[in-house]
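Asker: Here is a sequence together with a model predicted from it:
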Amino acid sequence: QVQLVESGGGLVQAGGSLRLSCLASGSIYRIYAMGWYRQAPGKQRELVATFTSSGITNYADSVKGRFTISRDNTKNTVYLQMNSLKPEDTAVYYCNADIMVPYTLRRGDYWGQGTQVTVSS
């Protein structure tokens, strides 16, 4: 069983910073892509920043230059450093990972439970 657990969300004023963490745990053989998505009220879930399976980073245009994704493969953890936060960054942030489990070697798309980020103006 695989779990993704996010932490680090909260309330911050515009211009402030937050750092999100996501730990993948459980029966993991290999992690491929890993990253962050967000969903604001009344909107669809959207990509924020991800690592592809080959280690290439992708960012939404709206966060380029402000957010930085990083990854610690030894800890099965991905981070999102968010600087210069804006009220429009307010959303629930979800961790996502493409993970292969042992024995069956099946790959699956896993999601965390989400962490709320609220940016006040």
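Answerer: Received, thanks.
Asker: only C-alpha atoms for contact and neighbour calcs from this point on.
Answerer: Noted.
Asker: so where's this structure shaky on pLDDT?
Answerer: Applying pLDDT under 70 to the chain flags no residue at all.
Asker: what about the strands in this structure?
Answerer: For the chain, the strands defined by DSSP state E cover 2-7, 10-13, 18-26, 30-39, 46-51, 57-59, 67-72, 77-82, 91-100, 107-111, 115-120.
Asker: could those be laid out in JSON lines, adding mean neighbour count?
Answerer: As requested, these are exported to JSON lines (neighbours: other C-alpha atoms under 10 Å):
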{"stretch": "strand 2-7", "mean neighbour count": "19"}
{"stretch": "strand 10-13", "mean neighbour count": "15"}
{"stretch": "strand 18-26", "mean neighbour count": "19"}
{"stretch": "strand 30-39", "mean neighbour count": "21"}
{"stretch": "strand 46-51", "mean neighbour count": "21"}
{"stretch": "strand 57-59", "mean neighbour count": "16"}
{"stretch": "strand 67-72", "mean neighbour count": "18"}
{"stretch": "strand 77-82", "mean neighbour count": "20"}
{"stretch": "strand 91-100", "mean neighbour count": "23"}
{"stretch": "strand 107-111", "mean neighbour count": "16"}
{"stretch": "strand 115-120", "mean neighbour count": "20"}
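Asker: list the contacts for the residue of the chain most remote from its centre?
Answerer: In the chain, counting by C-alpha atoms, centre = their mean, Tyr103 sits farthest out from the average C-alpha position, at 26.9 Å. The contact partners of Tyr103, taken as C-alpha atoms under 8 Å, 6 or more residues apart in numbering, number zero.
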